[in-house]
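Enquirer: okay, sequence plus prediction incoming.
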Amino acid sequence: MKNDKLISFILILILFAFTSCKNSPSPEIGEEKIIVVEDTIPEIVRMRDTITFHKYDCCFVVTTEIMYPKEDIGIVGSILLLHGWNLPADEWCQKTSFCEKALQKGYVLIIPDYKKSNYCLEMYPQTIADYQKYPTITWMMETQIANLQETFGLLLPGQNNNVAGISTGGRGATLFAYYMPEVFKNAASLSGDFDITKMTDEYLYYSFLGHYSDFPERWEKECFAYDCKNYIVPTYIGHGKADNVSPVEQSIMMFDSIKAHHPNLKLIGHFPDYAAHNYDYWESETDAVLDFFDCCD
């Protein structure tokens, strides 16, 4: 009798387990999923056409959002999108039509959040303590982009990769192009800085590099203004003449210097008279930058 009851109880458990599994809903398209990729990126969260992953480096977390165009549009290339100094990483998307139009054209958008990074090659003993946690461009290239290439197949040499930035991100865009010409096909800098040795009183530079009077060679090493002969990536340089944050002379001088070294390089300079250092100006450049990326070499 006891054996019969035990067998009946086991059969009920098996039936219950089978019914529960059978009725469990399968994941719906667009439902949030958690995927762990060992030894590369600790956490990846996929939601519809957006992937957000966190890459840990010491005491700072770099969050990067990857936005994909709709499947019926297809992918034509990618754009690494760099925000301004301490601006929200997605604010360029929120306050202009750039991201919407880029997605409609078929570009994958890669949007890292670097907070107050100034795209220095390294941190120095003179870098103030609060800024030492932010990623260097060396880390971005050797660690983050390497992970994007390995894990997602993005930003691989030979692909249609582009980089664009506003303000400090404009400086970053041209630095990426300078150091990684095998990766980036085109670059666009809006309202950026170039020859930082002409901005020695700028806090955002001496707080990272120390004072120019003490370390002139370091300042020169941290920009490519003295090596424009080796800048070979087609570039769109835009800067408003009413900019009271970053001098327009920075962009005009760099455009002239690159043009002098590479007269046949695809290069556009646009310096409107009344444009300032704001999203109204950056929005006005949306179509021109995307057309530049679309255009032939």
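Expert: Nice, thanks for sending it over. Fair warning: this is a prediction, and the values are worked out from it, not measured in the lab.
Enquirer: what segments of the stretch 51-200 of the chain are strands?
Expert: In the stretch 51-200 of the chain, the segments counted as strands under DSSP state E, counting those that start in this stretch are 60-67, 77-82, 107-113, 161-166, 186-190.
Enquirer: worst mean pLDDT among those?
Expert: Lowest mean pLDDT within the strands of the stretch 51-200 of the chain: strand 60-67, a mean of 89.
Enquirer: then that strand to CSV, C-alphas only?
Expert: Provided in CSV are the C-alpha atoms of strand 60-67 (Å, rounded to 0.1, in the frame of the first residue of the first chain):
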residue,chain,number,x,y,z
PHE,A,60,35.3,53.7,-13.5
VAL,A,61,32.6,52.1,-15.6
VAL,A,62,32.3,52.9,-19.3
THR,A,63,28.8,52.3,-20.5
THR,A,64,28.4,52.1,-24.3
GLU,A,65,25.1,51.9,-26.1
ILE,A,66,24.9,50.3,-29.5
MET,A,67,21.8,51.2,-31.6
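Enquirer: quick one: buried residues of that strand?
Expert: 62, 64-67 (16 or more other CB atoms under 10 Å). Where C-beta positions appear, they are placed from N, C-alpha and C, glycine not excepted.
Enquirer: pick the one among the residues you listed closest to D291.
Expert: Of all the buried residues of strand 60-67, the one with the least separation from D291 (CB to CB) is M67, at 20.2 Å.
Enquirer: would JSON lines of the strands of the stretch 51-200 of the chain with distance to L204 be doable?
Expert: Below are those laid out as JSON lines (distance: least, CB to CB, whole Å):
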{"stretch": "strand 60-67", "distance to L204": "18"}
{"stretch": "strand 77-82", "distance to L204": "15"}
{"stretch": "strand 107-113", "distance to L204": "18"}
{"stretch": "strand 161-166", "distance to L204": "15"}
{"stretch": "strand 186-190", "distance to L204": "16"}
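Enquirer: what's the most distant pair in the buried residues of strand 60-67?
Expert: Using CB to CB, the pair of the buried residues of strand 60-67 lying farthest apart is V62 and M67, separated by 16.7 Å.
Enquirer: so the residue nearest to L81 when sequence neighbours are not counted bridges to which residues?
Expert: Take L81 and drop its neighbours on the chain: the residue closest to it by CB to CB, 6 or more residues apart in numbering is I111, 4.8 Å away. Beta-bridge partners for I111, by DSSP bridges, are E65.
Enquirer: export stretch 159-171 as CSV, just CAs?
Expert: Extracted C-alpha coordinates of stretch 159-171, given in CSV (Å, rounded to 0.1, in the frame of the first residue of the first chain):
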residue,chain,number,x,y,z
GLN,A,159,34.3,48.1,-42.7
ASN,A,160,32.5,51.4,-43.4
ASN,A,161,33.4,52.8,-40.0
ASN,A,162,33.0,56.5,-39.2
VAL,A,163,33.7,58.6,-36.1
ALA,A,164,32.0,61.9,-35.2
GLY,A,165,32.2,64.1,-32.1
ILE,A,166,31.0,67.4,-30.7
SER,A,167,33.2,69.8,-28.6
THR,A,168,35.7,67.6,-26.7
GLY,A,169,34.3,64.7,-28.6
GLY,A,170,35.3,66.5,-31.8
ARG,A,171,38.9,66.4,-30.6
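Enquirer: what is the neighbour count of the nearest residue to G192 once chain neighbours are set aside?
Expert: Nearest non-adjacent residue to G192, counting by CB to CB, 6+ apart: G170, 2.5 Å away. G170 has 28 neighbours, counted by other CB atoms under 10 Å.
Enquirer: hmm, S189 and G170 touching each other?
Expert: Yes - counting by CB atoms under 8 Å, G170 touches S189, with 3.6 Å between them.
Enquirer: phi, psi for L267 please.
Expert: When read as degrees, to the nearest 10, the backbone of L267 gives phi -150, psi 130.
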